[in-house]
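1. Here is my input, please return the structure:
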Amino acid sequence: MAGQQEFARRQRVLSEFGDFVLDHDDLDEILNEACRLIAEALDADFAKVIEIDRRTDTGLVRAGVGWRPGIVGHERVSLSERSSEAFAIEITEPVITNDLAREERFEFPAFLRDHGVVALVNVPILLPGRKPYGILQVDACEAREFDQQDIEFLKTYSMVLGPVIDRLKTSAALRETDERLRLIVENARGYVMVVSDADDRITDWLGGSEDILGWSPSEAIGKTTDMIFTEQDRAEGVPSRELSGARENGTAANVRWHRRQDGAPVFLDGQTIALKDRGGKLRGYLKIGQDVTEQKRAEIALRESEDRLRQFGEASQDVLWIRDAATLQWQYLTPAFDTIYGLGRDEALKGDNFRNWLKLIVPEDRACAIDAVRRVRGGEHVTFDYRIRRPLDGSIRWLRNTDFPIADADSKVTLIGGVGHDLTELRETERRLQVLMEGIPQLVWRAVDAGKWTWSSPQWSEHTGLSPAESTGFGWLDAFHPDDRDKARRAWEDAARQGRLDLEARICHASAREYRWFQTRALPVRNGFGAITEWLGTSTDIHDVRELQERQRVLVGELQHRTRNLLGVVRSMADKTARASTDLSDFRARFRDQLEALGRVQGLLSRLNEHDRVTFDELIHAELAALDGAADRVSLNGPDGVRLRSSTVQTLAMVIHELATNAVKYGALGQPQGRLTVDWRLEPDGPGDRPWLHIDWCESNVRMPPAGSKPAGGGQGRELIERALPYQLKARTSFTLGPDGVRCTISMPVSAGSTLQEAPHG
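-> As a prediction, the model looks like this:
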């Protein structure tokens, strides 16, 4: 019983709203009353109508009830993707939020929370034709479950509102139109407007009367209007009959030739209106007529040109034709039909020629052709492509028809005109171009309007994972790196002015899940007037080229740096060698030997990447490999892969070279019984357990000089060990001449990324 009472109450609300609509014509009053009634019917705290503003992509709170001042008529809500209002408009169905605090789909305007709104329902308001007008929104200050009866009631209310709003907006538009028409008449210089009294004496000479007829107001006022009629019409009593007809019927047509003051003919298309007061007494006449002299002359010229037009149709390479809109039978065909269709016109016009025409169309395209004809019969202009099979030789040809309705005076479509163009060669050219574009390695695309894509090649979809549909418009931007999207938009903004698009940006490789650098270029296609109709563009993968360029840049920088360092090393080495040499011959031998060692080091340093740094085992092997015939007396023990900083390699290599050279000349490698053992290990040492490389160079079984004798050699190697290493590499060193050979230890910090892979060396 309660449900029936609630239903009846809501029906009364609809009835009250209907009565209110009949008594009012102000849209704001009606919308506010609608909000009041619906809030009352649903026991809601608030209600409002939101009107869509497409210019700002917002909705204006046009009407409402319960809201604080400053909301209705002023507040706007965003219609973004996170808007519940926009979602309701998009799906054209009610959208319910039972608790704003728990709602995760949408973002809500701040003023709703300011008013304590907890629950709401959005119902789209649709105008006839399902065009969205806005949203009817009901708001509650507590969590609420809007049931199906509530929703159905709101949908009914919304369906009532739509036609009401449409009617009022239409009425307002009509009033505005009437006002515009009044202003147009007042300012129309192409119209004759003459007011005369009941005796047809001219009292007002308005509009373009002087310009069109030649008489000035002072010359015309006081005279009768028959002065503007031709002599023949005056002789036949046309002016009097026209006035009589206006008195009897209210108006009389005035569509005829008139004369100017200078005697030239003027054709006026208008009427004479009897001006009567409320009591029906005649007060005068209004004669208004448009100067259509040029149009009449054009009609004459048109008739004269019909023969020429027919000759054009006969000579056209396109098929021109006319159908009866009711029967769809051809009434006229030009000779081009024979050439294109491979069928004579006489044969084509026989019998039910519409059905015969359909039989010429390949079966797959017939439905398209039938639908196009249906649309033209409904008043549309239609262009469509289809294929025919020529009876003459069985060949397939592509045609493009442009069909248009021809209406009679009552706007009824009575005829259908059309132009048929043979575009077989164009289609074949497009097909070859399509094959070409799909075969090149670049990503190919077409665009209009500053970057809106209309087509993309299979290469683009394969690379980005975006389908052609997903890439149209500005969807292609989804494949660009987020940091490059604004740059791409700016490039398009400048493209029309510059006449080209040139952009380097990163594009996602879907299968590899990485971004690669592409060079995107496009040129405009222009029409005969120079206007841009579309853009053709390609995106070329330049990722590897950019990496090579970057590698080259690093290489050049490293080369410059190492060259400067190398020159410094050579200069220092020459100075020290000169000081230690006894004569020029000794200097030449020593210096050549040191340059060879330095050359071996540079070979190791020719690597660029961090993971290709020189390791200690490579360094010791490279130096000792230069000592022919001594490998069986050398023992190497230590881990592989102890990486050395580039800045340490040259100095350490020169030390090892000096040790090895002295061993060959004076020590273990210069005496048959001598032995050389080189041990190295990697251990943490110092703050932060930084890795240190410990090197132990030990010569044994060496016959040493007698005690107290001068040491062999010039002392350059020992200077490097005891002075250069501690200073340049922060190393700890020792150098001892033992009873059976040299013992040298070196401890130095190395790269934190050094590895510990033990491998014995023999």
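2. When you work out contacts or count neighbours from here on, use the C-alpha atoms and nothing else.
-> Noted.
3. Tell me which residue is most central in the protein.
-> residue 474 (2.4 Å; Cα atoms, centre = their mean).
4. now that one, nearest residue through space, not along the chain?
-> residue 452 (5.4 Å; Cα to Cα, 6 or more residues apart in numbering).
5. What of residue 496?
-> In space, residue 496 is closest to residue 450, 7.4 Å off (Cα to Cα, 6+ apart).
6. ok, which stretches of the stretch 601-750 of the chain are helices?
-> 616-625, 646-665, 716-719, 725-729 (DSSP state H, counting those that start in this stretch).
7. Please name whichever of the ones you listed is nearest to residue 194.
-> helix 646-665 (104.1 Å; Cα to Cα).
8. for the record, mean pLDDT for that closest one?
-> Throughout helix 646-665, pLDDT has a mean value of 80.
9. got it, and stretch 244-260?
-> The model assigns stretch 244-260 a mean pLDDT of 93.
10. how far does that stretch sit from the chain's center?
-> 61 Å (Cα atoms, centre = their mean, to the nearest Å).
11. contacting residues for the residue nearest to residue 474?
-> Neighbouring residues of residue 452 by Cα atoms under 8 Å, 6 or more residues apart in numbering: 472-474.
12. can you rerun that using 10 Å?
-> Residues in contact with residue 452, defined by Cα atoms under 10 Å, 6 or more residues apart in numbering, are 446, 471-476, 492, 534-535.
13. just checking, which of those belong to strands?
-> 446, 534-535 (DSSP state E).
14. Dump those residues to JSON lines, plus pLDDT and neighbour count.
-> Formatted as JSON lines, the ones in strands among the contacts of residue 452 follow (pLDDT from 0 to 100; neighbours: other Cα atoms under 10 Å):
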{"residue": "446", "pLDDT": "91", "neighbour count": "19"}
{"residue": "534", "pLDDT": "92", "neighbour count": "20"}
{"residue": "535", "pLDDT": "92", "neighbour count": "25"}
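15. And the closest residue to residue 381 other than its chain neighbours, how far from residue 321?
-> Sequence neighbours aside, residue 404 is the residue nearest to residue 381 in space, at 4.6 Å (criterion: Cα to Cα, 6+ apart). Per Cα to Cα, to the nearest Å, residue 404 is found 11 Å from residue 321.
16. ok, those two, which is more surrounded?
-> residue 404 (22 against 18; other Cα atoms under 10 Å).
17. Pretty sure the more buried one sits against residue 374.
-> No - applying Cα atoms under 10 Å as the test, residue 404 and residue 374 come out as separate, 11.2 Å apart.
18. Quickly list what's touching both of these two.
-> By Cα under 10 Å, 6+ apart, the residues touching both residue 404 and residue 374 are 380, 382.
19. Apart from its neighbours in sequence, what residue is nearest residue 34?
-> residue 17 (6.6 Å).
20. Checking the one you found next. Helix, strand or coil?
-> helix (DSSP: H, G, I helix; E, B strand; the rest coil).
21. Would you agree it is in contact with residue 41?
-> No - if you go by Cα under 10 Å, residue 17 and residue 41 don't touch, sitting 11.6 Å apart.
22. And these two? Which one has more around it.
-> Set side by side, residue 17 and residue 41 show more neighbours around residue 17, with 22 against 19, by other Cα under 10 Å.
23. ok, now which ones touch the more buried one?
-> So residue 17 contacts 11, 23, 30-31, 33-34, 36-38, 157, 160-161 (Cα under 10 Å, 6+ apart).
24. In helices, which of the residues you listed appear?
-> 11, 23, 30-31, 33-34, 36-38, 157, 160-161 (DSSP state H).
25. Using a markdown table, lay out those residues together with distance to residue 137.
-> Formatted as a markdown table, the ones in helices among the contacts of residue 17 follow (distance: Cα to Cα, whole Å):
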| residue | distance to residue 137 |
| --- | --- |
| 11 | 19 |
| 23 | 25 |
| 30 | 16 |
| 31 | 12 |
| 33 | 14 |
| 34 | 11 |
| 36 | 12 |
| 37 | 13 |
| 38 | 10 |
| 157 | 11 |
| 160 | 15 |
| 161 | 13 |
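26. tell me which element the nearest residue to residue 492 once chain neighbours are set aside falls in.
-> Excluding its sequence neighbours, the residue lying closest to residue 492 (Cα to Cα, 6+ apart) is residue 450, at 5.5 Å. Following DSSP states H and E, there is no helix or strand that holds residue 450.
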